[in-house]
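>>> Provide a 3D model corresponding to the input given below.
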Amino acid sequence: MLNWKEVLRLGKEGNLTPDKRVEKTPQEWKALLSEEEFRVTRQAGTERAFSSQMCTQFEAGVYGCVCCGTLLFDASEKFDSGTGWPSFSQPIQDNAIAYNADHSHGMTRVETVCNTCDAHLGHVFPDGPAPSGLRYCMNAVALKKVR
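The predicted structure follows:
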């Protein structure tokens, strides 16, 4: 189980190797994604808080990357953080997510990206529920329920 110390270590020393890689040009991504999906996932945008019904949906399932389909989160790790974005306490696999230091907007955060295709997903914070203490604060538009 990942914890905050491990997330920081991965972000600083290097991420785990993904099971596979998917690489496309910006033009190829634009042809596959909606304008909002492209803005968020390929340009590190953020969707408006409380703009998705995904925040209040807690049925069983698995969520994947909207860009490449890589499985990222199991709904059993989803919780209501009250932040306005879907939140999870653990990824489906330790190597599903990559971590990057994000110094934008006058603060330091840990950005989360799909480790397969580098799609921006959101950020991870150390204020989640036990036992991991992690809150993966995701852009709903970056995820798709795959089953």
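>>> What segments of this protein are helices?
4-13, 26-32, 35-43 (DSSP state H).
>>> export those to TSV and tack on mean pLDDT, mean neighbour count and distance to Asn95?
Just so you know, the C-beta spots here come from the backbone N, C-alpha and C atoms, and that holds for glycine as well. Putting the helices of the chain into TSV (pLDDT from 0 to 100; neighbours: other C-beta atoms under 10 Å; distance: least, C-beta to C-beta, whole Å) gives the following:
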stretch	mean pLDDT	mean neighbour count	distance to Asn95
helix 4-13	94	14	10
helix 26-32	97	12	22
helix 35-43	98	17	19
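>>> Tell me which of those sits nearest to Asp74.
Asp74 lies closest to helix 4-13 among the helices of the chain, at 18.0 Å (C-beta to C-beta).
>>> so what secondary structure elements neighbour the closest one?
Counting contacts by 3 or more C-beta pairs under 8 Å, 6 or more residues apart in numbering; DSSP states H and E, helix 4-13 packs against strand 97-102, strand 109-114.
>>> same thing but 10 Å
strand 97-102, strand 109-114, strand 120-125 (3 or more C-beta pairs under 10 Å, 6 or more residues apart in numbering; DSSP states H and E).
>>> Let's check: the centremost residue of the chain is which one?
Leu121 (3.4 Å; C-alpha atoms, centre = their mean).
>>> By mean pLDDT, point me to the weakest helix or strand of this structure.
Scoring the helices and strands of the chain by mean pLDDT, DSSP states H and E places strand 97-102 at the bottom, with a mean of 92.
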